[in-house]
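Peer 1: Please work out how this folds:
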Amino acid sequence: MSNDWPVVELGEITTDLTQSRTFDVTPDQEIVDPTISSATHTIQIGARNIGGSVRVSRRIRILPGDLVFSRLHTQNGAFGYSEHEFHSTGTFVPLALDEARVDRRFLFWALHVVVPTLSATDTVGRESYRTREILSLRLPLPALESQRRFAGRIDTLYALIAKAKALRKQDLQVTGALLAAEEKRVLGEAKEPKWPTRPLKSICSVFVDCDHHTPDYVENGVPLLRPRDIKPYQLSTVDAVKISQCDHETRCQRHRPAAGDIVYSRELSYGNAAAIPGGLEVSIGQGTVLMRTDPSQVSLAFLLRALNSPFVRDQAKSVAKGAAHPHVNLSDIRSFSIPVPTLDEQERIEAHLGQLQRELVSLERLELASYTALEGLLPSILHHAFAGNLW
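Peer 2: Residues are numbered from 1 along each chain as shown. Predicted coordinates for the structure are as follows:
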């Protein structure tokens, strides 16, 4: 912190309102619990209940304008100014500011720097802090007019960073939309596609629904792929449940999954397709379909592209059933309309879309890197500013 600024404790410029705001809940009173976002330092509604249903009947009233700390995960930035009335448990601490000594925005930015110091001397990894520890936080306090000028400059920089982050996020969304739009165009979204279309089942040499029996899970065994393990073009077995080799062999009686087979999710996060890579032994769980291309009609790469494209996803969305448990029926999947150009044309299309995808992935990585850099810019600015090195 700048050596030119006097240092005070938070408790010298704020007043703890806990005792004066404590009340007993009445059975018919509406109780609004707060929650604080450490990322945005905003206080929002965590829950609404009637007084007779809450377990903690001794509450603390939080009012608009209060500076509020959560004693849980305080060091991560669990503080903010309240804009509404809440009725919190003792986890939250409302404070009133001495606004004759401290500017609200200056204090807000100063807390970004000093609150993380709570964990600097903590050797046991605590998750909660005492009120007195929060009020003992030390922060710089220049003259009030200097505080206002300082806060105004930080506010301006923050607005510029927020605008840049929004543009970067928009760029990331645009790159994903570009590929989707090109896939729609190339794969023939038009009412009269340039290539013949065929039902999905007719271009697969194998088309097998999952075994609908739920096996016992084991700690070590064969990964059982479920919809959550299937992402576009990629299977993940990191969090997959496992079944015994015996159960796996039973499930393989209809068809043994092999490298190059496509696994398609038809429940919950439906509409994703990925190929089984070489060297991976897996079983097919509920909510999935396994298919193998007929190479005389369609290539693996092209069919994967079609299944993951908006052209087929829109078909799945149009026939999906169930709000609580969304799914696509097997009969509808069999009937998905797939454009089938010649094999040479399929290779050309995949080369074109694959190159575009690689270029967009590279662009997304650059955009993500710059977005991440922007995320770290504000903490860096605040660190230098409160060290007296910025102005």
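
Peer 1: quick one: low-confidence parts of this structure?
Peer 2: Within the chain, the segments meeting pLDDT under 70 span 1-3, 120-127, 164-165, 167-179, 188-193, 362-378, 384, 387-391.

Peer 1: all helices for it, in order.
Peer 2: 10-13, 18-21, 104-114, 131-135, 144-186, 245-251, 300-308, 310-319, 330-334, 343-386 (DSSP state H).

Peer 1: Would you mind measuring the gap between the ends of stretch 196-216?
Peer 2: One end of stretch 196-216 sits 45 Å from the other (CA to CA, to the nearest Å).

Peer 1: which other residues reach it?
Peer 2: Applying CB atoms under 8 Å, 6 or more residues apart in numbering, the contact partners of stretch 196-216 are 188, 224, 243-244, 247, 250-251, 254-255, 261, 284-295, 297-298, 303, 330, 333-340. C-beta: built from backbone N, CA, C; applies to glycine.

Peer 1: in it, what's buried?
Peer 2: The neighbour-count check on stretch 196-216 (16 or more other CB atoms under 10 Å) flags 200, 203, 204, 207, 208, 210, 211, 215 as buried.

Peer 1: In strands only, show me the contacts of stretch 196-216.
Peer 2: 224, 243, 284, 288, 289, 290, 291, 292, 293, 337, 338, 339 (DSSP state E).

Peer 1: farthest pair in those?
Peer 2: Comparing all pairs in the ones in strands among the contacts of stretch 196-216 by CB to CB, the longest separation belongs to 243 and 339, at 36.9 Å.

Peer 1: and residue 270, what does it touch?
Peer 2: Applying CB under 8 Å, 6+ apart, we find residue 270 in contact with 227, 316, 320, 326, 327, 328.

Peer 1: neighbour-wise, which of those leads?
Peer 2: For these, the largest number of neighbours (other CB atoms under 10 Å) sits with residue 328, at 24 neighbours.

Peer 1: Residue 334 versus that one, what's the distance?
Peer 2: For residue 328, the distance to residue 334 equals 10 Å [CB to CB, to the nearest Å].

Peer 1: hang on, the earlier thing: show the buried residues in the contacts of stretch 196-216.
Peer 2: Listed as buried from the contacts of stretch 196-216 are 188, 224, 243, 247, 251, 261, 284-293, 297-298, 303, 333-334, 336, 338-340; burial here means 16+ other CB under 10 Å.

Peer 1: Tell me how the chain divides into domains.
Peer 2: Recorded structural domains for the chain (assignment: automatic domain parsing) are 7-142, 143-190+341-391, 196-339.

Peer 1: how far does the longest one stretch from start to finish?
Peer 2: Using CA to CA, the gap from the first to the last residue of domain 196-339 comes to 6 Å.

Peer 1: Excluding residues flanking it in the chain, which one is nearest residue 347?
Peer 2: Leaving aside its sequence neighbours, residue 347 sits nearest to residue 299 (CB to CB, 6 or more residues apart in numbering; 6.8 Å).

Peer 1: my bad, should have said residue 313
Peer 2: residue 271 (4.9 Å).

Peer 1: need the contact list for that neighbour.
Peer 2: With CB under 8 Å, 6+ apart, residue 271 has these contacts: 265, 307, 308, 312, 313, 316, 317, 328.

Peer 1: and the first one, what does it touch?
Peer 2: I take that to be residue 265. Residue 265 is in contact with 227, 230, 271, 272, 273, 287, 288, counting by CB under 8 Å, 6+ apart.

Peer 1: Identify those among these that sit within strands.
Peer 2: With DSSP E as the criterion, strands contain 230, 273, 288 from among the contacts of residue 265.
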